[in-house]
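> Here you go, sequence then predicted model.
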Amino acid sequence: MRNDFTFIIKSIPFDEDYLPSENTRITTNFANLARGESRQENLRNALRMIDNRFNALAHWDNPNGDRYSVELEIISVEMNIDAGGRNEAFPLIEILKTNIVDRKTNERIQGVVGNNFSSYVRDYDFSVLLPEHNRNRPEFSTPENFGELHGNLFKGFLNSEAYKENFHKPPIICLSASSSKTYHRTDNHHPILGVEYHQNEFSPTDQYFKKMGLQVRYFMPPNSVAPLAFYFLGDLLGDYTNLELISTISTMETFQKIYRPEIYNANSAAGTCYQPNLKHSDYSLTRIVYDREERSRLAVEQGKFAEEHFIKPYKTILEQWSANCVL
């Protein structure tokens, strides 16, 4: 059964000339920036923010704060299903890859793959399956085996020849902390990731990513105002270089400042006990245009797209594959 599934990786630059492809989820962070009248200015400003943040964190041997630049690639992962004579590719996942340009040495350094995480199947799980499951229930619950198919698909990709041929380290996914949970500052401090926080309990996102084989730690980097969630395999602090970690922080903190300014562009930093709040009023806006309400609406549309073109047509094959999956 496993041989029926193959993964195809495609890559395009994310720069000021970027235009989303037809297969890109338009709710994806980077795709949102590339729409409307301000698209090129949005992209230019976001990329400048990333570079500035990178140089602020990589401050050693960098007296003018301009030694480094971050180049981003959008990695699109298609899953090819050979079933019953139908050989079709479905746009499964989109992630980002960072590359670091050192202007002092003229060296181009590989960064981290992952960073942002975009998935049609996750849209289906959270925007279609979960609401339907809870429609007439007095208390919120999740369906049996919720997230297992998605988790196995992700682990299948990480174990594929396509991943191993293209990427030399496991991914780091960096997301916002959950506004439904409380985080407590610890005494653990990392020179790049910053101060570590522990949460009071796992969020639905934490549990969902656990089924993808990823564990989570929360850190508030130097001069940040709120902790970020880092999802990873292996040893987050030991497996990656300082520059690799900085590339993830600078990229994803920039996106969070744009999309969740109430949390990540707040005018005061998280304290010892912290709960993120999207209704927080003391924050600053970036100069980048973004429509959060449209993003929520489109997530439902994209979940239904996954249901129609992937979940329903291949339901039996996917269930059999996931049930027999050993990853």
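Here it is on my side, so go on. Predicted model only: the values in this text are computed from it and were never measured. Numbering: from 1, shown residues only.

> number of nearby residues for the nearest residue to residue 44 once chain neighbours are set aside?
Once flanking residues are discounted, residue 44 sits nearest to residue 16: 4.7 Å by CB to CB, 6 or more residues apart in numbering. All C-beta atoms are positioned from the backbone trio N, CA, C, and that covers glycine. Residue 16 has 17 neighbours, counted by other CB atoms under 10 Å.

> Enumerate every residue touching residue 240.
112, 169, 172 (CB atoms under 8 Å, 6 or more residues apart in numbering).

> Quick check: the first one touching residue 248?
Yes - under the criterion of CB atoms under 8 Å, residue 112 makes contact with residue 248 at 4.9 Å.

> Please enumerate the shared neighbours of the two.
Common neighbours of residue 112 and residue 248 (CB under 8 Å, 6+ apart) are 98, 172.

> I'd like the distance between residue 281 and residue 249.
26 Å (CB to CB, to the nearest Å).

> Compare those two (neighbour count), which wins?
A side-by-side neighbour count of residue 281 and residue 249, using other CB under 10 Å, places residue 249 first with 27 against 8.

> and the residue lying closest to the more buried one once chain neighbours are set aside, how many neighbours?
Excluding the flanking residues, the one nearest residue 249 by CB to CB, 6+ apart is residue 221, at 5.0 Å. Residues lying near residue 221 (other CB under 10 Å) number 24.

> doesn't residue 58 make contact with residue 221?
No - contact criterion CB under 8 Å: residue 221 and residue 58 do not qualify, at 11.9 Å.

> And stretch 193-209, end to end?
20 Å (CA to CA, to the nearest Å).

> what does it contact?
With CB under 8 Å, 6+ apart as the criterion, stretch 193-209 contacts 122, 125, 142, 146-147, 150-151, 173, 175, 177-178, 180-186, 188-190, 210, 216-222, 224, 227, 229-231, 236-237, 245, 249, 270, 274.

> can you give me the strands in the stretch 51-200 of the chain?
68-83, 86-102, 107-119, 172-176, 183-190, 194-199 (DSSP state E, counting those that start in this stretch).
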